[in-house]
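Undergrad: Fold the following, please.
(one chain, ligands or ions: 2)
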Amino acid sequence: MKFWENDTIAAISTPIGESGIGIVRISGPKALEIAQEVFRDKKLNKIKIRNFLSHTVHYGFVINPESGEKIDEVILVLMKKPQTYTREDTVEFNCHGGILSLRKVLEAVINCGARMAEPGEFTKRAFLNGRIDLSQAEAVIDLIQAKTERSLSSSLAQLGGNLKRKITDLRSRLIRISAEIEAPMDFPDQDIMEISPEKVEENISYILKEVNSLIETLDYGKILKEGINALIVGKANVGKSSLFNTLLRENRAIVTHLPGTTRDTIEELVNIKGIAFKIIDTAGLKDPENVIEKISIKKMMKHLKEARLILVMFDASVPLSSEDKEVIREINKGKNENKKVIVIENKIDLGEKINREKLFSLLDIKDSIKMSLKEKSGIEELEEKLARAATEGLVIPENGVVINNVRQANQLNRAKQALEQVLLGLKKKITYDFLTVDLKDALDSLGEITGDSISEEIINDIFSRFCIGK
Ligand SMILES: Nc1nc2c(ncn2[C@@H]2O[C@H](COP(=O)(O)OP(=O)(O)OP(=O)(O)O)[C@@H](O)[C@H]2O)c(=O)[nH]1
Ligand SMILES: [Mg+2]
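TA: Ligands and ions are numbered 1, 2, ... in the order given. A predicted model of the protein is given here:
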């Protein structure tokens with residue numbers, strides 16, 4: 001694909017399937033011309049679309065220009081450049097939502113000279129035409145895929161140019177410092193005062209500090225974007241699947257009074273307090289009676305080893321059993337790995353026979369959640385604890401600038417290393433001309449986040465993650 005394209009592209013921009021309306025979008029220098037070829041007004045007359053005011057809608061039909069046959073009844077939306085998503089002339093046909101008529105409309109448009117758009121190509125044009133930077137383009141993908149309100153508002157902030165402004169500010173500071181360092185070297189006869197090492201250090205330290213705090217937001221950004229796994233474990237029959245269903249607000253997992261009901265692990269995404277959790281229900285720990293139970297318990301143990309956030313459940317209405325103690329042993333094995341454990345005592349509606357003191361001391365904890373899934377109590381408390389556990393110890397920036405992808409993080413880390421080299425060089429009192437290489441490296445790394453300095457390959461990679469029509 002060429003870096004800069006000047007043809008006209010088209011695609012079905014709404015999801016494939018039956019819906020009330022579907023949109024065929026055309027963008028590029030010939031968008032108006034092509035739309036005019038296939039569009040007729042309500043009396044089936046051809047009309048000069050260019051004469052319409054920009055950002056207006058018009059009722060009519062899309063026809064097959066060769067046969068004159070009507071394809072669909074449509075609303076034409078006309079948006080002349082530059083105030084459009086791509087900054088090019090754009091026409092959208094709002095069609096009836098059936099896939100067949102949408103395909104036929106698209107076909108007619110293609111026959112008149114448009115090319116099928118590749119995934120993300122509309123957004124790519126918005127980037128190439130300078131309407132958005134790369135971090136904003138990435139925010140468009142996140143926005144489409146956002147699963148919760150928090151991730152939505154974070155991508156919206158990034159789309160609004162939050163990260164772009166921050167990076168641009170850091171880059172211009174770097175450029176200023178580089179210029180001050182290089183000017184006396186480039187123009188030795190001009191008698192330009194050399195900038196003091198203290199001043200360079202002060203500026204670089206500030207930029208490094210800002211870069212570091214951006215890097216620190218990655219964990220939070222990732223949780224917003226990808227969600228966090230929460231594993232439910234416990235001995236058989238304590239109510240794990242009942243909890244799973246309650247958090248999901250649907251009867252997803254089978255619940256019975258028989259121990260050993262759940263066999264396979266079951267996972268579902270759920271939105272709790274604006275954070276996406278992947279809740280995982282597992283087989284209860286018990287003496288395996290057959291090969292299926294053996295496998296399911298093995299599977300549960302594997303999940304337990306990998307889990308970072310664990311909901312461990314006990315039946316409060318009976319004394320601690322040997323299986324409970326085995327569960328506790330397994331949980332305690334992961335103690336040093338920074339795992340977060342939330343302890344639940346379920347079935348308190350049946351009275352309390354569990355030895356709390358013993359439970360607390362075995363697990364080395366100070367509190368638990370008393371719950372009755374039968375009477376729906378303790379659930380709000382659990383949801384609050386879950387949300388807190390997910391974000392605990394993470395940097396949640398007040399200004400909303402969050403890094404949420406590895407590409408951005410890698411570039412920031414590269415910038416960080418380069419800046420640290422500059423500081424080291426200053427300490428060692430090496431001459432300024434050796435600093436410029438690292439300064440340039442820091443500048444380029446930051447530039448790759450916004451797309452100011454970036455290769456075509458990376459750009460194509462980013463946009464290929466989009467859906468077609470965006
Ligand atoms: N009285 C009472 N019964 C409950 C409560 N929570 C769950 N139960 C019952 O306990 C039984 C087992 O519930 P499940 O949710 O299937 O338990 P589980 O831990 O998933 O069981 P396994 O999959 O076999 O390990 C069912 O009969 C539930 O209705 C509760 O809070 N109080
Ligand atoms: Mg179960």
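Undergrad: OK, now which residue of the stretch 101-250 of the chain is nearest to ligand 2?
TA: residue 241 (3.1 Å; C-beta to the ion). C-beta here means a position set from N, CA and C on the backbone, and glycine is covered the same way.
Undergrad: Identify the residue nearest that residue in space, chain neighbours excluded?
TA: Using C-beta to C-beta, 6 or more residues apart in numbering and skipping residues adjacent in sequence, the residue nearest residue 241 is residue 253, 3.9 Å away.
Undergrad: Quick check: the gap between that neighbour and residue 310.
TA: Distance from residue 253 to residue 310, counting by C-beta to C-beta, to the nearest Å: 18 Å.
Undergrad: and the two? which has more neighbours close in?
TA: A count of neighbours by other C-beta atoms under 10 Å puts residue 310 above the other of residue 253 and residue 310, at 24 against 20.
Undergrad: what about the host helix or strand of the more buried one, near ligand 2?
TA: Remark: residue 310 resides in strand 309-315, with elements defined by DSSP states H and E. No. Strand 309-315 does not reach ligand 2 (C-beta under 5 Å from the ion); its nearest approach is 10.2 Å.
Undergrad: Taking this structure, what residue is nearest to ligand 1?
TA: Ligand 1 sits closest to residue 284 of the chain, with a gap of 2.4 Å, by C-beta to the nearest ligand atom.
Undergrad: for the longest helix seen in the chain, packing partners?
TA: When the chain is parsed with DSSP state H, its longest helix is helix 162-186. For helix 162-186, the elements it packs on are helix 134-145, helix 197-216, helix 432-450, judged by 3 or more C-beta pairs under 8 Å, 6 or more residues apart in numbering; DSSP states H and E.
Undergrad: immediately after the last one, which helix or strand?
TA: So the one you mean is helix 432-450. helix 456-463.
Undergrad: Which residues of the chain lie near ligand 2?
TA: Counting by C-beta under 5 Å from the ion, the chain sits next to ligand 2 at 240, 241, 261, 262.
Undergrad: Between all of the residues you listed, which two are at the greatest distance?
TA: 240 and 261 (9.2 Å; C-beta to C-beta).
Undergrad: Name the residue in these two with the higher neighbour count.
TA: Using other C-beta under 10 Å as the criterion, residue 240 and residue 261 rank with residue 240 on top: 30 against 16.
Undergrad: check contacts around the more buried one.
TA: 232, 233, 234, 262, 281, 282, 284, 313 (C-beta atoms under 8 Å, 6 or more residues apart in numbering).
Undergrad: Next up, the contacts around the last one.
TA: Spelled out, it's residue 313. Applying C-beta under 8 Å, 6+ apart, the residues contacting residue 313 are 232, 233, 234, 238, 239, 240, 243, 344, 345, 346.
Undergrad: same check, this time on the fifth one
TA: With contact taken as C-beta under 8 Å, 6+ apart, residue 281 is in contact with 232, 240, 241, 243, 244, 253, 262, 265, 266, 267.
Undergrad: coming back round to it: shared neighbours of residue 240 and residue 261, anything?
TA: residue 284.
Undergrad: residues in the protein within reach of ligand 1, list them.
TA: 234, 236-242, 255-257, 259-262, 283-284, 346-347, 349-350, 372-374 (C-beta under 6 Å from any ligand atom).
Undergrad: which of those are buried?
TA: Listed as buried from those are 234, 236-242, 255, 259-262, 283-284, 346-347, 372-373; burial here means 16 or more other C-beta atoms under 10 Å.
Undergrad: Nearest residue to the middle of this protein?
TA: Closest residue to the average C-alpha location of the chain: residue 225 at 3.4 Å, with C-alpha atoms, centre = their mean.
Undergrad: Assign that one to helix, strand or coil.
TA: helix (DSSP: H, G, I helix; E, B strand; the rest coil).
Undergrad: re earlier: name the nearest of the contacts of residue 240 relative to residue 167.
TA: Scanning the contacts of residue 240 for proximity to residue 167, where the rule is C-beta to C-beta, the winner is residue 232, at 40.7 Å.
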